[in-house]
Structures are given as C-alpha cells and as structure tokens.
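1. pasting the sequence and the predicted coordinates here, then a few questions.
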Amino acid sequence: MTIHEKGSAPAIRMFHVHKRYGKRNALVDITLDIASQEFVFVTGPSGAGKTTLLKLLHLVEPVSEGQILIDGINLSRIPSSRIPYLRRKIGIIFQDYKLISTKNVFENVALVLEVMNVKRSQIKKKVSSVLRVVGMEDRMNSFPLSLSGGEQQRVAIARAVVGDPKIILADEPTGSLDSDSANVVMGLLKGFNERGATIVVATHDHDIIRSTGARTVNLLDGRLEEPVKAEVEA
Amino acid sequence: MIFFIKRALLDIRDNRFMHLIAIITIALSVLIVSAFVLFFVNASEILNTWKQGVRVMAYLKPDVADSQVLVIKQTILGMPGVEDVVFISREEALELLKADMKRQASLFENLGENQLPDAFEIHMVASARSWGKVEILAREIESVSQIEDVEYGQKWLGRFSSIFNLFRITGFAMGALFFLAAVFIVANTIRLILYSRREEVEIMRLVGASDGFIKAPLYIEGIIQGAFGGVLGVLTLFAAYLAISANMGEGIAGTFFQLKFLSFGAWFGIIICSMFLGWLGCYLSLKQFLKA
C-alpha cells in the first residue's frame, strides 16, 4: 500500500502501539503511517478499537506501549502542559457532536479561536466565514438544541476546522445522521481534505466508505486486519 | 483579561442562584467575624479609657513624721513604672472630699477631728498600666514600713481585662472557624458549578483549552463572590451599628462611651480578606476537579 500518496512527510506515524485497559487489550501492535493531506477511514465492528485509536491520536489517552508521532512530534515525550497546544493542531468531530448547549452556534465555533487567543475582530471574521462554508451562517445565533442532528454536526465540523488544523479526526461523524445529512457531512470533510487537511474518519458505515474511495484501515479486536508496513525512518 | 472578566460575569449570570448562595454565605461569615472585630475595637477603646485613669493610692501610718514624707516619696518615685507621685496631706484630702460632697456639707460640720490619713497618689507610665504590673507595684509599695495600706481601686478592671482577653481568644478561634466554614462552602459551590459544567469543561479541553484558560474566569468568579459577600457583610454590620448607636445615644450607655464603627482600613481589610476567601475556595475545588 502506498503510504505517501499525497503529502510529503507522514502527518501521523504509529510504531507498535499498544493500548491496554487493565488486562484488556484495546489496541495491539498498531504500526501505521498516514500521509499529510491523506483521507483515511478507520473501520471495524463495535469494540474493534476505532475510538481508542482516535483517543490516542488526540492525546485523550496515553499509549501503553509504542510511539506515536504527529507532525514529527513524539506524543510520549511532550509534557502534559503542552498537550493543549498540540490539540489545537488537531480538529475533532464526535458522533454526539459535543456542542456546548449553553452557547450558541457562533460561540461554540468561536471557542476554539478564543482558546488560541485570537483577536475578537479576527474571530468574528473567521467564524462567519467557516459557518458560511458549512452552510450554517444564518443559524449562528441559534442554540444547539434547536438544531437538527445534521445541522449540529455541521457546526461541529465548523468548530473542528476553524482553527486551521493540519489534522481532522472524526469519530463516527455520520453515525447519528440520515443518509442525506451524512452525504453533506462527508462532502464537507472531502472539501477540507482538498484544501490540505489530513482527515481520519472512524466509521463502520460501508456505504460512506465506498462512495469516498479513500484508503481504509481495518481493525478487528484491536489489531490491524491487514497490517500496513510503515516506512519507518531511523 | 477583559475577556476572562466578561466570561466570569456571564457565568455568574448563568449560575446566579449558586453564586447567590455563595455570596450570602460569605456575607454571613464576614458579618459574624466583623461583628466580633467591632466588639473588640469598642471594648478595647473602653478599656483603654479606663486604664488612663488607673492610679495607686498609698496611705501613710498616722505617726509618720513630715521629714520622712519626702524620703518615702523618693523611694516610690524610684520604683519601676512610676511616672509621678503627688503627696496629699490629710487636710487636703478633707478639702477634696468636701468639694466632692458639697451637697452633704452638713456631715462635715459634725465630723470633729479629721480622720483621713496622709496619702500619696501614684500615677504610672502608660506601659506599666497593665494589671499585673499594677499589682506588683502595689506589693512593692506595701513593703515600705511607713505605708499602712495601698489601694488601686478598679480592681474589677483587672478581672474585666482577663475576661476581655478570653473573649479575644474565643473571637479569634471563632473567626478562624467561620473563615474555614466559608472557604468550605465556597469551594463546594464552585465544585457544584464545575460539576454542572463538566461537559463544557471537557469540550474546552478537547478543543485545546489550557487549564489556565479554564481556571481564570472561575478564579475571577470566586474573587467577585468574595468582594460582593464582603461588601454585603460589612454593609449589614454598618446598618446594625447605626440602629444600635441610635438607640444607645438616647439611653444611659451613651453617656459613658461613644460606640465606634470600623475604620476605613478595617473595612478595606475585611473586603480584601473575603476576596481572598472566594479565591481560596475556588483554588481548592479547582485543584481537585481538574486533577480528576
């Protein structure tokens, strides 16, 4: 399998990664490269380890064994105080959207830029622009609970991309959506991939995978079904 | 900073009921502690006024020769803590008594021989006006053979002083307890707010918010709570003071002393302390919450 199909250096590298919760093995010996600007699906049945893999990439959980490099940074070597700064380079989308219900659409998206200490005038400009791209500009004053599932996911995508991250992780982004909304969401993700973002989508929706034609990484019981040989550099 | 203050104010607006509880708790604690402070300020004032009038009277034996009076006076003057010694002869003492009891002048007409003794009125330096030192001085004066008796009236003031000190210690202990209770309640209020917003905090972390970004508005909220609680507590005390002093002015107590309120410095100190209290409560709950 060709690894560096689009970008030059890999955006994500995993070397013999293991993740254990007590005695249970969630991920076993995962070695995987994802090239910069690549669109990858991580697929497999429930409990296969898709979400765990994304959690490791987003530094929500530490690896039990092995190493992960994101954009050349070894995750096991960065101090915990630096984790927020690295997370700002990664956009994340969840199946349950994880929008703050007390904040409106604009505030939810603006949060990412506020965290990055961006100026107020810039925030206004950038959030409006991203909401226009996802087609939610006219709902920026609405609160999440007044939106449909598809609309909420579009807001979540806007939040994930507003900080111009190099990598976007999506955990079952179409899991709660009807097929029309799911197509809109995948269309948006493909659009951001074409603009240069590396996208990793965990899903078990084979229709979506087929329609996209992107590389698929299959997980079964925490192992790569067809191990991908990474071009490990010394 | 303005951004964090704005966020803090919005959070207070969104969680106003919980913040109100914290503010009332702080206000009550401040009220109780500052009421103690006010009591001590006024009691100290009264005690100091009474201490100013402390003097020791040494009565001479009837057979002391005039030539010895100066020697005894010098002896007493040489004792530690003595500022001034005034000799009051038995004649002067009678005149003073008559002047004090003008309305009962008829009593003196039938008195016959002057029964009053010669005496020394001893004043002490300010630093020696404590009850322990007065007692030591009195015993020393009593050891002079020509002295028949020593009186340092207002002995009860000594007892009052001891009781006052006991109150002071109790006051400090209670103040510390109320402070701890207020810290505990503020910490729990902030913890409740944090638990009600734990999903929001989790999302903030997921989008790259540092702990400082999450904590800053909460610290500001704690300080604002403390400031509001402190001002409310002091103002309530001031209202109570106005009511009490208005009633006292009309009664007997008003003729003895003027009730004082806390100085501006004390007001300021109390409000700063309550702001610290709000911050501390916040610090304790955040430390635990963000670790979890």
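-> Arrived safely.

2. show me what from chain A comes close to chain B.
-> Residues of chain A found near chain B (C-beta under 8 Å from any C-beta of the partner chain) are A:58, A:60, A:81, A:84-88, A:92, A:98-100, A:102, A:111-112, A:114-116, A:120, A:159, A:163. (Glycine included, C-beta is placed from N, CA and C.)

3. where in the chain is pLDDT low?
-> Picked chain A for this. Where chain A drops to pLDDT under 70, the residues are A:1-8, A:226-234.

4. oops, chain B please
-> Checking chain B against pLDDT under 70 turns up B:50-53, B:103, B:105, B:111, B:129, B:153-158, B:249-257, B:291-292.

5. pretty sure B:Leu97 sits in a helix.
-> Yes - according to DSSP: H, G, I helix; E, B strand; the rest coil, B:Leu97 belongs to a helix.

6. contacting residues for the residue in the stretch 151-292 of chain B positioned nearest to chain A?
-> Of all residues in the stretch 151-292 of chain B, B:Gly208 sits closest to chain A, at 3.7 Å by C-beta to the nearest C-beta. Going by C-beta atoms under 8 Å, 6 or more residues apart in numbering or on different chains, B:Gly208 touches A:Pro84, A:Tyr85, A:Leu86, A:Arg87, A:Arg88, A:Val112, A:Val115, A:Met116, A:Gly163.

7. which pair in the residues you listed has the greatest spatial separation?
-> The distance between the two most remote of the contacts of B:Gly208 (C-beta to C-beta) is 14.0 Å, for A:Leu86 and A:Val112.

8. more neighbours, these two?
-> Per other C-beta atoms under 10 Å in any protein chain shown, whichever of A:Leu86 and A:Val112 has more neighbours is A:Val112, with 29 against 16.

9. quick check: the gap between the more buried one and A:Lys19.
-> 27 Å (C-beta to C-beta, to the nearest Å).

10. chain A contacts on the stretch 1-150 of chain B?
-> B:Phe3, B:Asp14.

11. buried only: go through the contacts of B:Gly208 for me.
-> By neighbour count, with 16 or more other C-beta atoms under 10 Å in any protein chain shown, those hold A:Pro84, A:Leu86, A:Arg87, A:Arg88, A:Val112, A:Val115, A:Met116, A:Gly163 as buried.

12. and the first one, backbone torsions?
-> In terms of degrees, to the nearest 10, the main-chain angles of A:Pro84 are phi -60, psi -40.

13. which ones are touching it?
-> Taking C-beta under 8 Å, 6+ apart, we find A:Pro84 in contact with A:Val115, B:Arg205, B:Gly208, B:Ala209, B:Ser210, B:Asp211, B:Phe213.

14. ok, 6 Å please
-> A:Pro84 is in contact with B:Gly208, B:Ser210, counting by C-beta atoms under 6 Å, 6 or more residues apart in numbering or on different chains.

15. with the fifth one instead?
-> Taking C-beta under 6 Å, 6+ apart as the criterion, A:Val112 is in contact with A:Arg159, A:Val162, A:Gly163, B:Val207.

16. just the helices in the stretch 1-150 of chain B please.
-> In the stretch 1-150 of chain B, the helices defined using DSSP state H, counting those that start in this stretch lie at B:2-14, B:16-52, B:66-77, B:90-100, B:105-109, B:131-142.

17. among the residues of chain A next to chain B, which ones are in strands?
-> The members of the residues of chain A next to chain B that map onto strands under DSSP state E are A:Ile92.

18. mind giving me the packing neighbours of the longest helix along chain A?
-> Criterion DSSP state H: the longest helix present in chain A is helix A:179-194. Judged by 3 or more C-beta pairs under 6 Å, 6 or more residues apart in numbering or on different chains; DSSP states H and E, helix A:179-194 is in contact with helix A:149-161.

19. give the next helix or strand downstream of the helix it packs on.
-> Using DSSP states H and E, the helix or strand that directly follows helix A:149-161 along the chain is strand A:167-171.

20. quickly run through the sheet partners of that following strand, with directions.
-> strand A:90-93 (parallel), strand A:198-202 (parallel) (DSSP bridges).

21. tell me the centre residue of chain B?
-> Taking C-alpha atoms, centre = their mean, the centroid of chain B lies closest to B:Phe40, which sits 2.2 Å from it.

22. check the gap between that residue and B:Gly175 for me.
-> Applying C-beta to C-beta, the value for B:Phe40 to B:Gly175 is 10 Å.

23. please apply the same query to A:Ser179.
-> 68 Å.

24. relative to chain A, which residue of the stretch 1-150 of chain B is the closest?
-> B:Asp14 (6.3 Å).

25. ok, the residue most central in space within chain A - contacts?
-> In chain A, the residue lying closest to the centroid (C-alpha atoms, centre = their mean) is A:Leu169, at 0.6 Å. Going by C-beta under 6 Å, 6+ apart, A:Leu169 touches A:Leu54, A:Leu57, A:His58, A:Ile92, A:Val200.

26. repeat for B:Phe160
-> So B:Phe160 contacts nothing (C-beta under 6 Å, 6+ apart).

27. what of B:Glu148?
-> Applying C-beta under 6 Å, 6+ apart, the residues near B:Glu148 are B:Tyr59, B:Lys61.

28. again with A:Leu224
-> A:Ile30.

29. got phi/psi on it?
-> Taking degrees, to the nearest 10 as the convention, A:Leu224 sits at phi -70, psi 130.

30. what bridges to it?
-> A:Leu219.

31. which element is B:Val201 on?
-> helix B:198-206.

32. wait, B:Phe178
-> Using DSSP H and E, B:Phe178 sits in helix B:155-196.

33. what's the neighbour count on B:Lys260?
-> A count of nearby residues for B:Lys260, using other C-beta under 10 Å, gives 13.

34. now it, nearest residue through space, not along the chain?
-> B:Asn42 (5.8 Å; C-beta to C-beta, 6 or more residues apart in numbering or on different chains).

35. related to what we said a few turns ago, of A:Ser179 and B:Gly175, which one has the most company?
-> Higher neighbour count among A:Ser179 and B:Gly175: B:Gly175, with 17 against 11, using other C-beta under 10 Å.

36. now do the same contact list for the more buried one.
-> Counted by C-beta under 6 Å, 6+ apart, B:Gly175 has contacts B:Val33.

37. could you rerun that using 10 Å?
-> Listed by C-beta atoms under 10 Å, 6 or more residues apart in numbering or on different chains, the contact set of B:Gly175 reads B:Ser29, B:Ile32, B:Val33, B:Ser34, B:Phe36, B:Val37, B:Cys273.

38. as CSV, these with distance to B:Ser89 and neighbour count would be great.
-> Shown next, in CSV, are these (distance: C-beta to C-beta, whole Å; neighbours: other C-beta atoms under 10 Å in any protein chain shown):
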residue, distance to B:Ser89, neighbour count
B:Ser29, 60, 26
B:Ile32, 55, 18
B:Val33, 54, 24
B:Ser34, 52, 26
B:Phe36, 49, 18
B:Val37, 48, 18
B:Cys273, 57, 17
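
39. now the residues you listed in JSON lines, with distance to B:Gln104?
-> Shown next, in JSON lines, are those (distance: C-beta to C-beta, whole Å):
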{"residue": "B:Ser29", "distance to B:Gln104": "55"}
{"residue": "B:Ile32", "distance to B:Gln104": "50"}
{"residue": "B:Val33", "distance to B:Gln104": "50"}
{"residue": "B:Ser34", "distance to B:Gln104": "48"}
{"residue": "B:Phe36", "distance to B:Gln104": "45"}
{"residue": "B:Val37", "distance to B:Gln104": "45"}
{"residue": "B:Cys273", "distance to B:Gln104": "56"}
